[in-house]
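Asker: predicted structure and sequence below. I'll ask about it afterward.
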Amino acid sequence: MASSSPPRRKQCKDTCIDFLQEDTDAPYRSWLMKYPSALSSFEQIAEKASSKRVALFLDYDGTLSPIVDEPDRAFMSKAVNACLCTKCLEVCPTAIISGRSRDKVYEFVGLTDLYYAGSHGMDINGPCPIGKEVNLFQPASEFIPMIEEVFRSLVESASEIPGSKVENNKFCVSVHYRNVDETNWAAVAQLVHDTLKQYPRLRLTYGRKSLGLDNSDDVLPIYIGDDRTDEDAFEETKASYSLRDPSEVMEFLKSLASWTKSPVWQG
Ligand SMILES: O=P(O)(O)OC[C@H]1O[C@H](O[C@H]2O[C@H](CO)[C@@H](O)[C@H](O)[C@H]2O)[C@H](O)[C@@H](O)[C@@H]1O
C-alpha cells in the first residue's frame with residue numbers, strides 16, 4: 001500500500017508556489033539518478049522519436065490530474081486540458097488509460113478525439129461523435145454482474161470503516177483508504193483479502209511517476225503513468241525517464257508537440 005514514487009512537491013496554498021522541502025529533496029534526487037527527468041532528457045527522447053510516428057498513452061489520476069482526497073473531485077486543470085486539445089491531438093494519436101471507468105474519465109476530460117481505455121484497459125473506445133459507442137472493445141463484459149456484486153458487498157462492509165470509500169469502475173472496483181485512519185488500514189486490507197477469497201477470479205492491484213518508451217520500427221509509443229497499475233504498459237518497469245507531477249507532464253507534452261511540428265522532425 002506504499003507509494004512507489006518519491007514525495008510530491010508541496011504547494012503553498014496562499015501563494016500557489018511550489019517548494020521542495022529539505023527532507024523530500026534527497027529521495028527525489030536519488031530517484032532522478034535512476035529515472036532521469038524526461039524534461040532535461042528531452043533531446044535524447046527526440047532522438048529516439050526522429051523519423052518515427054509518436055503515439056501517446058496517458059494515465060489520468062496523478063498524471064493529468066493532481067491526486068486529491070476526494071476521488072470524484074480529481075479535476076484536470078484547464079491548462080492541461082487545453083494542452084491535450086490544442087497540442088497533443090494535433091500531432092499524434094492520444095489515448096487516456098485509467099483504472100477508472102471509461103465514462104468517469106470521459107466526464108473529467110471531455111474531449112471527443114481521444115481514445116479512452118477505462119478499467120485498466122478492459123473498456124476501450126476510440127474517437128467518435130458524442131453519444132456513439134463505435135470502436136468499443138470490452139473483452140471482459142461477462143464480469144460486469146460479478147463486479148456489481150463485489151461492489152455492493154464491499155460498500156456494505158466498508159461502511160463500518162470511517163473514511164473508506166468504494167468506487168465502481170465497471171470492470172474493477174477501487175477501495176480507497178486515503179482518508180482512513182492508519183489504525184484502520186489493517187481492517188481495509190482484511191476486507192479486501194476476504195473478498196478476494198470469495199472471488200478467486202479477481203486480481204488485486206496497488207495504486208502510484210514514470211514514463212516509458214517502447215520501440216518499434218516506425219512507431220514510438222510514449223506512456224506516462226504514475227503508479228504500479230500502469231506498469232503493465234511498460235512490460236517490466238521499466239520506465240526510462242520520469243516526470244514529477246501533472247505540471248511537468250504538461251511541460252513535456254508541450255515540448256513534444258512543438259518538436260513534432262518542427263521542420264527537423266518532419267524531415
Ligand atoms: O489509472 P489511474 O487513472 O491513475 O487511476 C487509478 C485510481 O485513480 C483514482 O484514485 C487515485 O486518485 C484519487 C483522486 O486523486 C485519490 O483520492 C486516490 O487515493 C488515488 O488512489 C480512482 O479513484 C481509482 O478508482 C483509480 O483506480
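Answerer: That came through, no problem.

Asker: need the CA coordinates for the helix or strand residue 29 falls within. PDB is fine.
Answerer: With secondary structure defined by DSSP states H and E, residue 29 is part of helix 22-34. As requested, C-alpha coordinates have been extracted for helix 22-34 and formatted as PDB (Å, rounded to 0.1, in the frame of the first residue of the first chain):
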ATOM      1  CA  GLU A  22      14.700  19.600   2.500                       C
ATOM      2  CA  ASP A  23      13.700  16.100   3.600                       C
ATOM      3  CA  THR A  24      11.800  15.300   0.400                       C
ATOM      4  CA  ASP A  25      14.700  16.600  -1.900                       C
ATOM      5  CA  ALA A  26      17.100  13.700  -1.200                       C
ATOM      6  CA  PRO A  27      14.800  10.800  -2.100                       C
ATOM      7  CA  TYR A  28      13.800  12.700  -5.300                       C
ATOM      8  CA  ARG A  29      17.500  13.200  -6.200                       C
ATOM      9  CA  SER A  30      18.200   9.500  -5.900                       C
ATOM     10  CA  TRP A  31      15.000   8.700  -7.900                       C
ATOM     11  CA  LEU A  32      16.300  11.000 -10.700                       C
ATOM     12  CA  MET A  33      19.600   9.100 -10.800                       C
ATOM     13  CA  LYS A  34      17.600   6.000 -11.700                       C
END
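
Asker: now do residue 48 against residue 148, distance only.
Answerer: Computed with C-beta to C-beta, to the nearest Å, the distance linking residue 48 and residue 148 is 43 Å. C-beta here means a position set from N, CA and C on the backbone, and glycine is covered the same way.

Asker: likewise residue 28?
Answerer: Distance from residue 28 to residue 148, counting by C-beta to C-beta: 41 Å.

Asker: how about the residue of the stretch 151-267 of the chain found nearest the ligand: what's its closest non-neighbour residue?
Answerer: When scored by C-beta to the nearest ligand atom, the stretch 151-267 of the chain has residue 174 as its residue closest to the ligand, at 3.4 Å. Nearest residue to residue 174, sequence neighbours excluded (C-beta to C-beta, 6 or more residues apart in numbering): residue 167, at 4.3 Å.

Asker: may I ask which helix or strand of the protein has the lowest mean pLDDT?
Answerer: In the chain, no helix or strand scores lower on mean pLDDT, DSSP states H and E than strand 18-19, which sits at a mean of 40.

Asker: secondary structure element holding the residue nearest to residue 174?
Answerer: Using DSSP H and E, residue 167 maps to strand 165-168.

Asker: strands paired with that strand, and their directions?
Answerer: The partner list of strand 165-168 in its sheet, established with DSSP bridges, is strand 173-176 (antiparallel).

Asker: restrict the strand it pairs with to CA atoms and write it as PDB.
Answerer: Taking only C-alpha atoms (Å, rounded to 0.1, in the frame of the first residue of the first chain), the coordinates of strand 173-176 have been written out as PDB:
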ATOM      1  CA  VAL A 173     -13.500  -1.800  -8.100                       C
ATOM      2  CA  SER A 174     -11.300   0.600  -6.100                       C
ATOM      3  CA  VAL A 175     -11.300   0.500  -2.300                       C
ATOM      4  CA  HIS A 176     -10.000   3.900  -1.100                       C
END
